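K.L.:
My questions are about this predicted structure, shown below with the sequence.
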Amino acid sequence: MNDQFESVHNYNEESVFRSVIDCAVRYPRLVDDPELLADVACVALNHLPPRYIRHTVDMRYYMSDEESAKNDAAVEAAVEFAFGFVQSRGGSRPGR
């Protein structure tokens, strides 16, 4: 059953992951902790509307330049919020 759904993913995942990596250097308490960076990505993705697709190229083809720019700005804002959120929680995970 899993094979038939492997191509389904959230359109914003790749952009969020890339943005988290790019922004991480500005957050020294989080930059070297892959677990916390994954938390940041989760928080950011939860602040964006889900856009499930099978093929990224299809989504890019149907989005206007304006929609694409708005989506990029939303991803950037969500990642900034997520870093602040995780950092405000002391940059630590329960049980650590």
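P.N.:
That came in fine, so what should we check first? Numbering: from 1, shown residues only.
K.L.:
And residue 63, how close does it get to residue 57?
P.N.:
Using CB to CB, to the nearest Å, residue 63 is found at 11 Å from residue 57. Bear in mind the C-beta positions are built from the backbone N, C-alpha and C, glycine included.
K.L.:
The two: who's more crowded?
P.N.:
More neighbours surround residue 63 than the other of residue 63 and residue 57, with 15 against 8 (other CB atoms under 10 Å).
K.L.:
Check which helix or strand the nearest residue to the more buried one once chain neighbours are set aside maps to.
P.N.:
Closest residue in space to residue 63, ignoring its immediate chain neighbours: residue 71 at 7.1 Å, by CB to CB, 6 or more residues apart in numbering. Using DSSP states H and E, residue 71 sits within helix 65-88.
K.L.:
Now that helix: buried residues?
P.N.:
Buried residues in helix 65-88, counted by 16 or more other CB atoms under 10 Å: 71, 74-76, 78-79, 82-83, 86.
K.L.:
which of those lies closest to residue 12?
P.N.:
residue 75 (6.0 Å; CB to CB).
K.L.:
pLDDT score assigned to the closest one?
P.N.:
On the pLDDT scale, residue 75 is placed at 98.
K.L.:
Contact partners for it?
P.N.:
12, 15-16, 19, 44, 48 (CB atoms under 8 Å, 6 or more residues apart in numbering).
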